[in-house]
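Participant: The following comprises the amino acid sequence and a computationally predicted model.
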Amino acid sequence: MKPRVLAAALTALASFAFLTGCQGTAETKEAEKPAAEEQVVAEFPRTVKVPAGADTEAYELEIAEQPKRIVALDHESGAVIAALGYAGNLVMASQALQNPALSATPDVFTKVETSFPSSTELNAEQVLAATPDLVVMSSRHGIADRIKPVLEGAGIKTLLLPSAWTSIDSLKTNIGVIAEAIGADEEVGDLEKELSDGLAKKDKKAADSADAKRILVLNNQAGRAFITAGNAVPLELLELAGGTSVSSELGIEITGPISAEQIVAANPDAILLIDMNGSGKAMFQELLNNQAVAQLPAVSGDKIKLIEGRYVQALGVTDTISGLKQLTEWIDSL
């Protein structure tokens, strides 16, 4: 082991007593940890073959024993582990999964030993304090660059997923990798089939046809109204439902702020509001109440749909099936 990595690992381990004695960024729950559902004992040791991703190379992860204490460093990983029936093995997960707008089973996540409000503020010492035997993460927010080397230096098995949850295919790929790593061999098949069947393209008008409804998709994940753009699960579901996003018309390729002037220029047929924090329409009202925006047919005609994040984001896992149905019915009614 390199001296610098070893030193970092030893420093992290020495911080254990301090971190467990104070709240800091992560919050330790007093509630009892949820009991794991009855599971078939999987065969270990095993070698998990992780495929290459857009920003990662293919690699193999050797896991000697089935993980009992799992840390999920992104929302989606925690949701997938719970969907596979292994919520009882989670010892650290995102606090966001306690929000009903993002999780179908928020009560499960209130019982996880330790929660954290933002992965961008986490450090390796806090993760080590949870004493995991497996840590699951994606490359989003640079977490892997900051935390992964220290965890591996401390001997913690670390699963870096091949995708940052930007598409339905990446959701399915990550589910397969996570299931193999945690030993959910019996459960993964049913979950994969449910998603494949539920999110299959329906026999309806193509989203790129001339009469496809042009939809402005906004979200409030940053505490204000952002336009959803680029590679994103909500836009993929929108296309499956027969709509098309106006983001490309505006030349916007990355999710971010949008002005009233841009909304007026787009003049969408309808507006989809994605609630990522449970605040409903509140954070969208400033834009929608703008005098020019309010006069658009989509707004004055109330062609606006509010939907909770779990129905259109990868973190919803199978809830996206219901989300696709909701979007399809809404677009058909426009």
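Facilitator: Sure thing, it's come through. Residues are numbered from 1 along each chain as shown.

Participant: ok, L235 touching L216?
Facilitator: No. If you go by Cβ atoms under 8 Å, L235 and L216 don't touch, sitting 11.3 Å apart. For glycine as for every other residue, the C-beta is placed from the backbone atoms N, C-alpha and C.

Participant: Find the nearest non-adjacent residue to G280, please.
Facilitator: Spatial nearest neighbour of G280, excluding adjacent residues (Cβ to Cβ, 6 or more residues apart in numbering): L306 at 6.5 Å.

Participant: picking up where we left off before, which neighbours do L235 and L216 share?
Facilitator: S245, S247 (Cβ atoms under 8 Å, 6 or more residues apart in numbering).

Participant: Low-confidence bits of this structure, can you list those?
Facilitator: For the chain, the stretches with pLDDT under 70 are 1-40, 202-210.

Participant: can you rerun that using 90?
Facilitator: The chain contains residues with pLDDT under 90 at 1-42, 53-56, 118-122, 139-146, 200-212, 221-223.

Participant: quick one: the strands in it?
Facilitator: 27-28, 46-50, 59-63, 70-72, 90-94, 114-116, 134-137, 157-160, 213-219, 226-227, 243-245, 256-257, 270-275, 304-308 (DSSP state E).

Participant: Turn these into CSV, including distance to G176 and mean neighbour count.
Facilitator: Compiled in CSV, the strands of the chain are given as follows (distance: least, Cβ to Cβ, whole Å; neighbours: other Cβ atoms under 10 Å):
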stretch, distance to G176, mean neighbour count
strand 27-28, 31, 14
strand 46-50, 10, 15
strand 59-63, 14, 13
strand 70-72, 16, 29
strand 90-94, 19, 26
strand 114-116, 26, 21
strand 134-137, 13, 26
strand 157-160, 12, 22
strand 213-219, 27, 23
strand 226-227, 30, 22
strand 243-245, 28, 25
strand 256-257, 31, 12
strand 270-275, 26, 24
strand 304-308, 26, 18
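
Participant: Would you mind telling me which of those strands is nearest G316?
Facilitator: Nearest to G316 among those is strand 304-308 (8.3 Å), distances taken as Cβ to Cβ.

Participant: Please work out how many residues are found near K193.
Facilitator: 10 (other Cβ atoms under 10 Å).

Participant: Actually, W330.
Facilitator: W330: 19 neighbours (other Cβ under 10 Å).
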